[in-house]
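# Structure of the sequence below:
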Amino acid sequence: MATSAKPERSALNRAFVTYGRRFRNLIAGFQSRQSLIGDTPVLDTAHFPEFKVLEENWLDVLSEIQEILKFREQVPKFHEVSTDQKKISKGDQWRTFFLFGFGTKLERNCAKAPKTAAMLESIPNLQTAWFSILAPGAHIPPHKGVTKGIVTCHMGLIVPKDRENCRLRVEDEYCTWQEGKIFVFDDTYRHEVSNNTDDERVVLLWHVDRPMKTPARLLHKLFIAGLKKSSFFKSPQKNMATFEDRFEQATRDAAETLEKMSTRD
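You can find the predicted model right below:
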């Protein structure tokens, strides 16, 4: 009996993956037809006037991430936060400092970037947000997002001088970052990132709900509600809290060390 159970379970898993993928494709097609902003790999930022507050105050965002980067080694790698990302996040190449995770605010992390957090909170239908830190020479291989119900937004903060060799490919389109400038794309299209320079690249990355007609919006809300009950969300949520503790302790230790040094002086 024990030997037959494993093949049956494997067959069930394969069926779940196969039919789950087909169901997701059906949903994506429906959301595409319901989209109010088209369905292209790279989207027009004019659809999102609420993002202007970030571009207008991008130097405040830059100032806050520069302070966080003083504790760079305490900022977790992406695959440490979400183990599902191990295929695309390797070694030390991609670090992520989370501010919001599927609507949940990481209070202590946001306290390290209060101006950025306040601007993000003013954006309707925000799902996630983090500082994305890519090491020199890093490569994030081609991959796809899980739902067309959200779109991905990047604002350049620290960009290599050789910007043409640090870029994002979405299908056949290429995007390069500029300091203080935003672009928006659909991550359900195959995309990859290459930083073929000797410099670090840092962006503010966030996800918002795609503007869609009411039926697709309701379906998307059901999908997000289900996602929040799954290990895909719960495991990273637990890990984010752990790394929030670690970063908080690191900054506290540094402050105490500086205080002791100033007292001795």
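# how about the helices in this protein?
Ranges of helices in the chain, per DSSP state H, are 2-34, 52-56, 58-68, 78-81, 107-112, 114-121, 214-228, 231-264.
# how deep is Asp44 tucked in, by neighbour count?
Residues near Asp44, counting by other C-beta atoms under 10 Å, number 11. Every C-beta, even on glycine, is put in place using the N, C-alpha and C of the backbone.
# quick one on the thing from earlier: by mean pLDDT, show me the worst of the helices of the chain.
With a mean of 64, helix 2-34 has the lowest mean pLDDT of the helices of the chain.
# Can you name the residues bridging to His207?
Per DSSP bridges, the residues bridged to His207 are Thr128, Thr152.
# just checking, Val146 touches Arg24?
Yes: Val146 lies in contact with Arg24 (C-beta atoms under 8 Å); the separation is 7.4 Å.
# distance of Thr176 from Phe98?
Between Thr176 and Phe98 the computed distance is 25 Å (C-beta to C-beta, to the nearest Å).
# How about Lys221?
Using C-beta to C-beta, Lys221 is found at 22 Å from Phe98.
# neighbour-wise, which of these two wins?
Between Lys221 and Phe98, counted using other C-beta under 10 Å, the more crowded position is Phe98 (26 against 12).
# Can you tell me the closest non-neighbouring residue to that one?
Trp130 (4.4 Å; C-beta to C-beta, 6 or more residues apart in numbering).
# Arg167 now?
Closest residue in space to Arg167, ignoring its immediate chain neighbours: Thr176 at 4.7 Å, by C-beta to C-beta, 6+ apart.
# how many other residues sit next to the one you found?
Look at Thr176: counted by other C-beta under 10 Å, it has 15 neighbours.
# Pretty sure it sits against Asn165.
No: counting by C-beta under 8 Å, Thr176 stays clear of Asn165, with 9.1 Å between them.
# Mind listing the shared neighbours of those two?
Counting by C-beta atoms under 8 Å, 6 or more residues apart in numbering, no residue touches both Thr176 and Asn165.
# doesn't Ser122 make contact with Val208?
No: counting by C-beta under 8 Å, Val208 stays clear of Ser122, with 11.9 Å between them.
# Neighbour count for those two, which is higher?
Val208 (21 against 11).
# How about the contacts made by that one?
Under the criterion of C-beta under 8 Å, 6+ apart, the contact list for Val208 reads Phe48, Ile123, Pro124, Asn125, Leu126, Gln127, Ile150, Val151, Cys153.
# In contact with the residue nearest to Leu120 when sequence neighbours are not counted, which residues?
Spatially, and ignoring its direct neighbours in sequence, Leu120 is nearest to Ala129 (5.1 Å; C-beta to C-beta, 6+ apart). Listed by C-beta under 8 Å, 6+ apart, the contact partners of Ala129 are Phe98, Leu99, Phe100, Leu120, Leu204, Leu205, Trp206, His207.
# Could you do Leu126 as well?
Going by C-beta under 8 Å, 6+ apart, the list of residues near Leu126 reads Phe100, Gly103, Leu120, Trp206, His207, Val208.
# What of Glu200?
Per C-beta under 8 Å, 6+ apart, neighbours of Glu200: Ile133, Leu134, Ala135, Pro136, Ile158, Pro160.
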